[in-house]
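[1] just coords:
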């Protein structure tokens, strides 16, 4: 049913992604689909890399680890943002579309008061993406 | 198997500094109620709490603090005028050296980096953040002031404020001197100050991989000690200078906008109107920071520049067009002629001018430089050093020559040729409107003028909030959005508190006084830039 599953990842908070990563891996194995981890970083140095290049390498390494851990085929897609806190959703949607994915698996938090002021990333992706989106809480 | 598709392309050869320090390692992460939190410990807390403490102190001891901080500022600009003037000369010379030297070929962000913004967007943002409101405030008043003091009978005497002794009774020479002195304060020197800070930050962040925060400039000097208290103090001072600079300007700007609205529409000049103006300006700035760098800050800066260009063209067309156009070149020549004597740091006979005007201006620009420099750095990735300096130093300086010629030159023409005294008699915040009043469609242009005053404040306020947010998040530009909202509101609240409680003058004097430590920071930055660019160049030529 699915050939390519996109998984947006925040490498700074991998601990919060375990459930989504496991779900994506299970779906990947079940449908024999490739899992593509999508990460977005700032153009400025960040905890995940002094340069966007370093970040892309970290993401690639993360992809390799997931491939080894779950026995699936993985790719990674790194993007940069000029104002990550604000532009993340827009860049994720574009990257998901460019990755050729036919499904998205994405971690999200339990909705709270803050979501009335600032839309959640998974919420926006689920509303705007044209493919199936699995939101994992 | 795994592949990495579409690596970002800002890279190519760059000499990344390898340090044990991890960006964000000192940060406190978590949440306050429903909102996420990612703040640097101790920079966020110490700067936030000390700002509140200073505010309480200023309100409690109003007369004393006003006297202390004004005395401190005057002592600094008086006794250390030579230091400010000499240092600013070094910054200009270094910029010119970088334009012609092979180091100018280094690209910010690595050899293959491509610019993040087009020339128009980039230029609009750096101009709107960098000078903005000052051009509205002083575009008319400063040229008139220098012209009048130069022309006055006592010019050159001990009580005179005339630049270089003035030219008593000689209108022609006084105009040249007045325009040259004004352009001197708005031309190469202030932009060189911004360029040095911005270049150092961009270089150490985009090429060397250090966090985008003031302390990173000092890495070549202090090494890993910049991650400790040495760096904390530099960053806290930067937050201080930026927040108090912005909040006091916001307070004074509300007064100018209110005076303008009172002049045009009879809006009462009360505290309530001023507070409402600050709330309005802060609300628009808030929308801008939440919309982000591209959709908010950049777009607003472009609107701002468009409006300013319209007003400029209007005055050129309906004002004394020929006099303005020839005046532009005459003023440029006058600037070139007087540049060296005006820049002389020692043995000045015109102490009132060199200390009261020039040294004050240099301290003021330098106290703004962490904010403007950091913002310029944030939007300048992908430019070569040569292109960067030409666009941050030369083009804005030329635009300032044009602006001062158009607004100041027209006002002086009105005084000299028609004997119109309205501009001279008007209060400082109304001089622009008094000048526009003598031109056709005064109601429309004055209204555009007020809108510009307000929008210039918004564009300073939104970019300032982004800068403070980044510094207090340890150089992280992706801190949770509520943090930038917090700083934007905090800035408005500080302005309102000072406006109602008094103390705008005191804290502005304190903000200007931070010019001294930052002059030392900038001199360090000059050394760091040369060292940093040399290592980049070595990588490029390999």
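    Arrived safely. Remember, predicted model here, so these are calculated numbers, not experimental data.
[2] Look up how far chain A lies from residue B:112.
    According to C-beta to the nearest C-beta, to the nearest Å, residue B:112 and chain A sit 10 Å apart. Placement of C-beta: from N, CA and C, glycine included.
[3] how many neighbours does residue B:412 have?
    27 (other C-beta atoms under 10 Å in any protein chain shown).
[4] List the residue ranges of chain A that fall below the pLDDT cut-off.
    A:109-119 (pLDDT under 70).
[5] Just the closest residue of it to chain B, please.
    In chain A, the residue that lies nearest chain B is residue A:50 (2.6 Å; C-beta to the nearest C-beta).
[6] Pull the number of nearby residues for that residue.
    Residue A:50: 23 neighbours (other C-beta under 10 Å).
[7] That one contacts residue B:16, correct?
    Yes. Shown here, residue A:50 and residue B:16 form a contact pair, counting by C-beta atoms under 8 Å, at 5.0 Å.
[8] Mutual contacts of the two, please.
    B:208, B:209 (C-beta atoms under 8 Å, 6 or more residues apart in numbering or on different chains).
[9] Now residue B:499: closest residue in space that isn't a chain neighbour?
    residue B:251 (4.7 Å; C-beta to C-beta, 6 or more residues apart in numbering or on different chains).
[10] Wait, the one you found touches residue B:500, no?
    No. Using C-beta under 8 Å, residue B:251 makes no contact with residue B:500, being 9.6 Å away.
[11] Looking at those two, which one has more neighbours?
    Legend: neighbour count by other C-beta under 10 Å for residue B:251 and residue B:500, higher for residue B:251 (24 against 13).
[12] which residues touch residue B:361?
    The contact partners of residue B:361, by C-beta under 8 Å, 6+ apart, come to B:185, B:190.
[13] Output the contacting helices and strands for the helix or strand hosting residue B:326.
    Using DSSP states H and E, residue B:326 sits in helix B:321-343. Contacts defined by 3 or more C-beta pairs under 8 Å, 6 or more residues apart in numbering or on different chains; DSSP states H and E place helix B:321-343 against helix B:81-100, helix B:171-186, helix B:299-318, helix B:395-404.
[14] what's the most buried one of those helices?
    Stretch with highest mean neighbour count among the helices and strands packed on helix B:321-343: helix B:171-186 (a mean of 24; mean count of other C-beta atoms under 10 Å in any protein chain shown).
[15] Where does the closest residue to chain A within the stretch 401-542 of chain B sit: helix, strand or coil?
    Residue nearest to chain A within the stretch 401-542 of chain B (C-beta to the nearest C-beta): residue B:478, separated by 3.8 Å. Classification of residue B:478 using DSSP: H, G, I helix; E, B strand; the rest coil returns coil.
[16] Could you check how far the nearest residue to residue B:449 once chain neighbours are set aside is from residue B:311?
    Nearest residue to residue B:449 in three dimensions, chain neighbours excluded: residue B:432, at 5.7 Å (C-beta to C-beta, 6+ apart). The gap separating residue B:432 from residue B:311 is 10 Å, by C-beta to C-beta, to the nearest Å.
[17] Now list whatever residues contact both of the two.
    Contacts common to residue B:432 and residue B:311, judged by C-beta under 8 Å, 6+ apart, are residue B:449.
[18] Which secondary structure element is home to the residue nearest to residue B:449?
    Judged by DSSP H and E, residue B:432 forms part of helix B:431-437.
[19] try residue A:39
    Assigned by DSSP H and E, residue A:39 falls in strand A:34-42.
[20] and that strand, which strands flank it?
    Strand pairing for strand A:34-42, using DSSP bridges, gives strand A:4-8 (parallel), strand A:74-81 (parallel).
[21] CSV please, covering these and showing mean neighbour count.
    Listed next are the strands paired with strand A:34-42 as CSV, based on neighbours: other C-beta atoms under 10 Å in any protein chain shown:
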stretch, mean neighbour count
strand A:4-8, 26
strand A:74-81, 23
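[22] can you redo those strands as CSV with distance to residue B:160?
    Formatted as CSV, the strands paired with strand A:34-42 follow (distance: least, C-beta to C-beta, whole Å):
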stretch, distance to residue B:160
strand A:4-8, 67
strand A:74-81, 55
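[23] Figure out which of the ones you listed is closest to residue B:233.
    Closest of the strands paired with strand A:34-42 to residue B:233 is strand A:74-81, at 31.0 Å (criterion: C-beta to C-beta).
[24] Quick one: residues contacting whatever residue of the stretch 101-250 of chain B ends up closest to chain A.
    Using C-beta to the nearest C-beta, the single residue of the stretch 101-250 of chain B nearest to chain A is residue B:209, 2.6 Å away. Shown in contact with residue B:209 (C-beta under 8 Å, 6+ apart): A:45, A:50, A:51, A:54, B:16, B:17.
[25] what's near enough to touch the residue lying closest to it once chain neighbours are set aside?
    Counting by C-beta to C-beta, 6+ apart, residue A:50 is the residue found nearest to residue B:209 once chain neighbours are left out, at 2.6 Å. Residue A:50 sits next to B:16, B:17, B:208, B:209, B:210 when contact means C-beta under 8 Å, 6+ apart.
[26] Quick check: the last one vs residue B:223, distance?
    Distance from residue B:210 to residue B:223, counting by C-beta to C-beta: 12 Å.
[27] Neighbour count for these two, which is higher?
    Using other C-beta under 10 Å as the criterion, residue B:210 and residue B:223 rank with residue B:210 on top: 27 against 11.
[28] Tell me if the more buried one really is in a helix.
    No. Using three-state DSSP, the assignment for residue B:210 is coil, not a helix.
[29] ok, residue B:503 - contacts?
    Neighbours of residue B:503 in contact, by C-beta under 8 Å, 6+ apart: B:55, B:58, B:59, B:62, B:65, B:66.
[30] The same query, at a cut-off of 10 Å, please.
    B:54-55, B:57-62, B:65-66, B:69, B:248, B:251, B:497, B:510 (C-beta atoms under 10 Å, 6 or more residues apart in numbering or on different chains).
[31] can you give me the helices in chain A?
    With DSSP state H, the ranges of helices along chain A come out as A:18-31, A:52-70, A:84-99, A:121-128.
[32] got it, and the stretch 51-200 of chain B?
    According to DSSP state H, counting those that start in this stretch, the stretch 51-200 of chain B carries its helices in the segments B:62-79, B:81-100, B:119-130, B:133-151, B:171-186, B:188-202.
[33] Buried residues of the third one, list them for me.
    Using 16 or more other C-beta atoms under 10 Å in any protein chain shown as the burial criterion, the residues of helix B:119-130 that qualify are B:121, B:122, B:123, B:124, B:125, B:126, B:127, B:128, B:129, B:130.
[34] separation between the nearest residue to residue A:1 once chain neighbours are set aside and residue A:4?
    Closest residue to residue A:1 apart from its sequence neighbours, by C-beta to C-beta, 6+ apart: residue A:31 at 5.6 Å. According to C-beta to C-beta, residue A:31 stands 10 Å off from residue A:4.
[35] Check residue B:236 too.
    For residue B:236, the distance to residue A:4 - C-beta to C-beta - is 49 Å.
[36] tell me the contacts of residue B:146?
    Residue B:146 sits next to B:161-163, B:166, B:174-175, B:177-182, B:184-185, B:353, B:357, B:408, B:412 when contact means C-beta under 10 Å, 6+ apart.
[37] what do you get if the cut-off is 7 Å, keeping everything else the same?
    B:163, B:177, B:178, B:181, B:182 (C-beta atoms under 7 Å, 6 or more residues apart in numbering or on different chains).
[38] before we move on, the earlier item: wait, the residue nearest to residue A:1 touches residue A:2, no?
    Yes. Counting by C-beta atoms under 7 Å, residue A:2 is a contact partner of residue A:31 at 4.6 Å.
[39] between those two, who's got more neighbours?
    Between residue A:31 and residue A:2, counting by other C-beta under 10 Å, residue A:2 is the more crowded of the two (18 against 15).
[40] Next one: the residue nearest in space to the middle of chain B from residue A:39, what distance?
    Nearest to the mean C-alpha position of chain B, by C-alpha atoms, centre = their mean, lies residue B:130 at 3.7 Å. As for residue B:130, its distance to residue A:39 is 34 Å (criterion: C-beta to C-beta).
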